[in-house]
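Q: Return atomic coordinates for the entry below.
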Amino acid sequence: MLNSIWETEGLQTVGIVVLVFASIKLLHLLGLISFSEDSVEDELELSTVRHRPEGLEQLEAQTRFSRKELQILYRGFKNECPSGVVNEETFKDIYSQFFPQGDASTYAHFLFNAFDTDHNGSVSFEDFVMGLSILLRGTVQEKLIWAFNLYDINKDGYISKEEMLDIMKAIYDMMGKCTYPVLKEETPRQHVEVFFQKMDKNKDGVVTIDEFIDSCQNDENIMRSMHLFENVL
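A: Coordinates of the predicted model:
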C-alpha cells in the first residue's frame, strides 16, 4: 500500500501516511493486543514506577480514548517501559524493528520530538496518549497541526526548505529498499520543490501553518490519507 501511495499521491500524502503508519506500529508494539481483563486502574494508582501517570478520569477527559482503551494502552506501555517514560534511544530501537530495510533513526528522532511536547527528553504515558489521540481520533485540523509541528523542526512557526528536506531524507532513509523507483540523489530536493510550489502561497520561501492547513484541506489525496487509520482501536 505504501509503495502505491509513494508512486501516485505525492510527497505530502506520503509524509502524513508514514507518520500515522509508524505511530500505529509503535502502538501495536506497546501491547494493543493480547490484553487480559486484570484491573489496570489499581496499577495507575499504586504503581511504583519512576513516572506515575495522571488518573484515568483526567486522561479520559483530555483525550478521545475510553477508559478501557486507556487501560489497554497503559498495560502495554508499562510492560515495555517499566520506568514509565520512553527515551529517544528506545524510540529509535522500536522503529528499527519495523523498518529493518532502512535507517529509521532520523525519522524516529523527529517523531520523538513531536511526542515530547514539553521537550524534557522523554515521552511519558500522558505524552504518548495525547499524541495518539490526535493522530487517531483528532479532527483533520488537529492532525494537520500535529504534522506541521513535526515538520517545523526548530519550532519557529515556519517550515523552511531545509527543514522539509531533512524530513524528506529521513522518510526515504526509513523506507530504504521499499522506495520505488530507486532513490536518486536529487529526488528529495525535487520533492521539496513540489511541496513548496503547492504550499508556499506568497512565495516567501517558508510555509506558515495557515498555508499548510489550507493547502492540505484542498488536496483530495491528503484528505483521504488523513482517514486511513481511523477506528483502529
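
Q: contacts and neighbour counts: CA atoms only from here.
A: Fine.

Q: Now do the strands in the chain.
A: Taking DSSP state E as the test, the strands found in the chain are 85-87, 122-124, 158-160, 206-208.

Q: Residue 102 is nearest to which of those strands?
A: Residue 102 lies closest, by CA to CA, to one member of the strands of the chain: strand 85-87, at 21.1 Å.

Q: Report the rounded mean pLDDT for that closest one.
A: Across strand 85-87, pLDDT averages out at 86.

Q: what do you get for stretch 123-135?
A: Stretch 123-135 comes out with an average pLDDT of 88.

Q: got a list of contacts for that stretch?
A: Identification of contacts with stretch 123-135 by CA atoms under 8 Å, 6 or more residues apart in numbering yields 20, 23, 51, 53-54, 59, 62-65, 70, 73-74, 77, 84-87, 112, 115-117, 142-143, 146.

Q: Any regions of the chain where pLDDT drops low?
A: Low-confidence segments of the chain (pLDDT under 70): 1-54, 177-184, 227-233.

Q: So which residues of it form helices?
A: Using DSSP state H, the helices found in the chain span residues 2-8, 10-29, 41-46, 56-62, 67-80, 88-98, 105-115, 125-137, 140-151, 161-175, 187-199, 209-217, 220-225.

Q: Now tabulate the ones you listed in JSON lines and tack on mean neighbour count.
A: Formatted as JSON lines, these follow (neighbours: other CA atoms under 10 Å):
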{"stretch": "helix 2-8", "mean neighbour count": "14"}
{"stretch": "helix 10-29", "mean neighbour count": "19"}
{"stretch": "helix 41-46", "mean neighbour count": "14"}
{"stretch": "helix 56-62", "mean neighbour count": "14"}
{"stretch": "helix 67-80", "mean neighbour count": "19"}
{"stretch": "helix 88-98", "mean neighbour count": "17"}
{"stretch": "helix 105-115", "mean neighbour count": "21"}
{"stretch": "helix 125-137", "mean neighbour count": "21"}
{"stretch": "helix 140-151", "mean neighbour count": "20"}
{"stretch": "helix 161-175", "mean neighbour count": "20"}
{"stretch": "helix 187-199", "mean neighbour count": "17"}
{"stretch": "helix 209-217", "mean neighbour count": "18"}
{"stretch": "helix 220-225", "mean neighbour count": "16"}
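
Q: tell me how far stretch 98-106 is from the chain's mean position?
A: Centroid separation for stretch 98-106 versus its chain: 15 Å, with CA atoms, centre = their mean, to the nearest Å.

Q: now do the same end-to-end measure for it.
A: The first and final residues of stretch 98-106 sit 14 Å from each other (CA to CA, to the nearest Å).

Q: Can we start the residue count at 54 from this point?
A: I'll keep to 54 as the first residue from here, and by that count the last item is stretch 151-159.
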